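S.K.: give the three-dimensional model of this entry:
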Amino acid sequence: MKIAVLGSTGLTGRLVVARALERGHEVVALARRPEQVRMPEEARVPASANLRVVRANVTEPGSVAVAVEGADVVVSGLGVTRKQDPAVLSEGARQIASAGPRVIWLTSLGMGGTQGALGAFNGALLKRVLRHEWDAKDAADRAVREAGGTTVHAGPLTDGPYRGNGHLVRAEEFAPRLIPPRAPRAGIAALMVAEAETPRFADAAGIALFENR
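M.R.: Next up, the predicted model:
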């Protein structure tokens with residue numbers, strides 16, 4: 001399978017690249033600055049002939065569509081900092097959704113297709129915390145699912161190890177929680193690549209859960 005990774009220089013995107021390569025897939029890493037694409041230290045594969053790094057920038061119309069041409073699926077770990085224009089998220093989602101390949105898009109639990117999952121108080125608190133990017137994330141969420149893609153909603157991300165204890169559940173099967181479940185980035189990468197391999201949440205929102213064991 002050919003997997004294109006958007007946001008491949010980010011903390012989660014790098015792990016998606018590594019996981020996809022570990023699984024034997026051909027990977028196209030999209031990056032504004034290709035020289036910054038690095039395999040994470042914890043990756044269990046060396047720099048691979050299956051990895052191709054392509055310069056692409058959502059602020060340059062057409063570059064993303066060209067970069068993902070021929071891909072079976074696009075997996076996005078794209079995010080923004082408070083100093084960045086959040087429109088990168090909504091515009092990136094629109095470009096990817098219209099490019100053709102199936103899309104798996106990482107976003108926050110409690111918004112978009114999972115609004116209400118954290119209860120009224122924490123939902124309002126989340127909206128305040130994410131006010132810089134809330135509207136852009138919401139627009140990205142809609143664009144992906146309207147195109148038949150999957151949005152993966154995660155609670156606070158951690159850099160802890162992944163112990164194979166994660167799974168996705170449909171938003172309507174998730175009972176609201178006062179405390180959002182934490183999610184290891186490596187686990188998110190594993191779940192997103194698994195969804196790329198075996199689609200179960202087409203046109204739907206999946207919530208990432210990691211059970212203690």
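
S.K.: quick one: the strands in the protein?
M.R.: Applying DSSP state E to the chain gives strands spanning 2-6, 26-31, 51-55, 73-76, 102-108, 150-154, 157-158, 166-170, 183-184, 204-210.

S.K.: so can I have TSV of the ones you listed showing mean pLDDT and mean neighbour count?
M.R.: Any C-beta I mention is one placed from the backbone N, CA and C, and that applies to glycine too. Listed next are the strands of the chain as TSV, based on pLDDT from 0 to 100; neighbours: other Cβ atoms under 10 Å:
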stretch	mean pLDDT	mean neighbour count
strand 2-6	95	28
strand 26-31	91	24
strand 51-55	88	17
strand 73-76	96	28
strand 102-108	95	26
strand 150-154	95	27
strand 157-158	94	17
strand 166-170	94	16
strand 183-184	95	24
strand 204-210	92	23
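
S.K.: Serialize those strands to JSON lines and add fields for distance to A117.
M.R.: JSON lines is the format used below for the strands of the chain (distance: least, Cβ to Cβ, whole Å):
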{"stretch": "strand 2-6", "distance to A117": "24"}
{"stretch": "strand 26-31", "distance to A117": "29"}
{"stretch": "strand 51-55", "distance to A117": "35"}
{"stretch": "strand 73-76", "distance to A117": "20"}
{"stretch": "strand 102-108", "distance to A117": "10"}
{"stretch": "strand 150-154", "distance to A117": "7"}
{"stretch": "strand 157-158", "distance to A117": "16"}
{"stretch": "strand 166-170", "distance to A117": "10"}
{"stretch": "strand 183-184", "distance to A117": "13"}
{"stretch": "strand 204-210", "distance to A117": "7"}
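
S.K.: which one of those lies nearest to K127?
M.R.: Closest approach to K127 among the strands of the chain is made by strand 102-108 (10.1 Å; Cβ to Cβ).

S.K.: can I assume Q95 is in contact with V66?
M.R.: No: look at Q95 against V66 with Cβ atoms under 8 Å: they stay out of range, at 10.6 Å.

S.K.: so which of these two has more stuff around it?
M.R.: Q95 (21 against 11; other Cβ atoms under 10 Å).

S.K.: measure the more buried one to E172 for me?
M.R.: Separation of Q95 from E172 (Cβ to Cβ, to the nearest Å) stands at 29 Å.

S.K.: equivalent analysis for R23, please.
M.R.: 29 Å.

S.K.: those two: which has the busier surroundings?
M.R.: Neighbours per residue (other Cβ under 10 Å) separate R23 from E172, with R23 holding more: 16 against 10.

S.K.: least confident secondary structure element in the chain?
M.R.: Sorting the helices and strands of the chain by mean pLDDT, DSSP states H and E puts helix 119-129 at the bottom, at a mean of 83.

S.K.: now what about it, what contacts it?
M.R.: S108, G110, M111, Q115, G116, A117, L118, W134, P176, R177, L178, P180 (Cβ atoms under 8 Å, 6 or more residues apart in numbering).
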